[in-house]
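Trainee: The amino acid sequence is not available; the structure is as follows:
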């Protein structure tokens, strides 16, 4: 009984199958010693965003910690590629990273981690001189933008971000909308 196409469960099943096929192809199973080149050979660069999110969120509990980490690294690599493609223009890079986050699946956009990243890149875009309206209309992202304003007004840095009142408000709003704090990793 396979999951319905287009669902996060289906993306997880597809990712699991591709990872297992990748392991078979290169003759190793992912460990903490698996190299970036080996993860690439296993197939992570070919994963679509929904498959990456399924692995990052360990949908269905079918991925190992090293696989979750490999998916997070692949997302970081894609963002790094955007930055490297725009070495003289950080404003354009931030704008393209916003587009990258906006192209995420509805499942990924429902995560608090997505809102935090989206707000952070939106604030970076504005601070780098970006003038386009790049708001999402998402109240969690908007509240996190307010938290960045609180950091700046207090002369703080990114380490202060999770301690801002607006950040805590955003986390509570998200938690309330998603069945309570049991979904929230406060260590992130």
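Mentor: Alright, I've got the coordinates. Here the structure is a predicted model, which means the values were calculated and not measured.
Trainee: And the strands in the chain?
Mentor: Assigned by DSSP state E, the strands in the chain number zero.
Trainee: What sits closest to the residue sitting nearest the centre point of it if chain neighbours are left out?
Mentor: For the chain, the residue nearest the mean C-alpha position is residue 114 (5.1 Å; C-alpha atoms, centre = their mean). If the residues on either side of it in the chain are set aside, residue 114 comes closest to residue 108, at 5.2 Å by C-beta to C-beta, 6 or more residues apart in numbering. (Glycine included, C-beta is placed from N, CA and C.)
Trainee: That neighbour reaches residue 51, doesn't it?
Mentor: No - applying C-beta atoms under 8 Å as the test, residue 108 and residue 51 come out as separate, 10.9 Å apart.
Trainee: Between those two, which has more neighbouring residues?
Mentor: residue 51 (26 against 21; other C-beta atoms under 10 Å).
Trainee: Tell me the spacing between that one and residue 28.
Mentor: Residue 51 sits at a distance of 20 Å from residue 28 (criterion: C-beta to C-beta, to the nearest Å).
Trainee: show me the contacts for residue 149.
Mentor: For residue 149, the contacting residues are residue 166, by C-beta atoms under 8 Å, 6 or more residues apart in numbering.
Trainee: measure it to residue 161 for me?
Mentor: Computed as C-beta to C-beta, the residue 149 to residue 161 distance reads 11 Å.
Trainee: Pull up the overlap in contacts between these two.
Mentor: With C-beta under 8 Å, 6+ apart, residue 149 and residue 161 have no common neighbours.
Trainee: Run a quick check on residue 166 versus residue 151, I expect a contact.
Mentor: No - taking contacts as C-beta under 8 Å, residue 166 lies outside contact range of residue 151: 9.4 Å.
Trainee: Give me the pLDDT for the residue nearest to the centre of the chain.
Mentor: Listed pLDDT for residue 114 reads 96.
Trainee: and it, what is it in contact with?
Mentor: Residue 114 neighbours (C-beta under 8 Å, 6+ apart): 101, 104, 108.
Trainee: How about residue 23?
Mentor: By C-beta under 8 Å, 6+ apart, the neighbours of residue 23 are 29-30, 42.
Trainee: Which of these ranks first by neighbour count?
Mentor: For the contacts of residue 23, neighbours tallied by other C-beta under 10 Å; top is residue 42, 25 neighbours.
Trainee: Mind pulling up the pLDDT for residue 3?
Mentor: Reported pLDDT for residue 3: 83.
Trainee: most residues in a single helix of this protein, which one?
Mentor: helix 65-85 (DSSP state H).
Trainee: Need the mean per-residue confidence for that one.
Mentor: Per-residue scores along helix 65-85 average to 97.
Trainee: List the buried residues of that helix.
Mentor: Of all the residues in helix 65-85, those buried under the rule 16 or more other C-beta atoms under 10 Å are 67, 69-71, 74-75, 79, 82.
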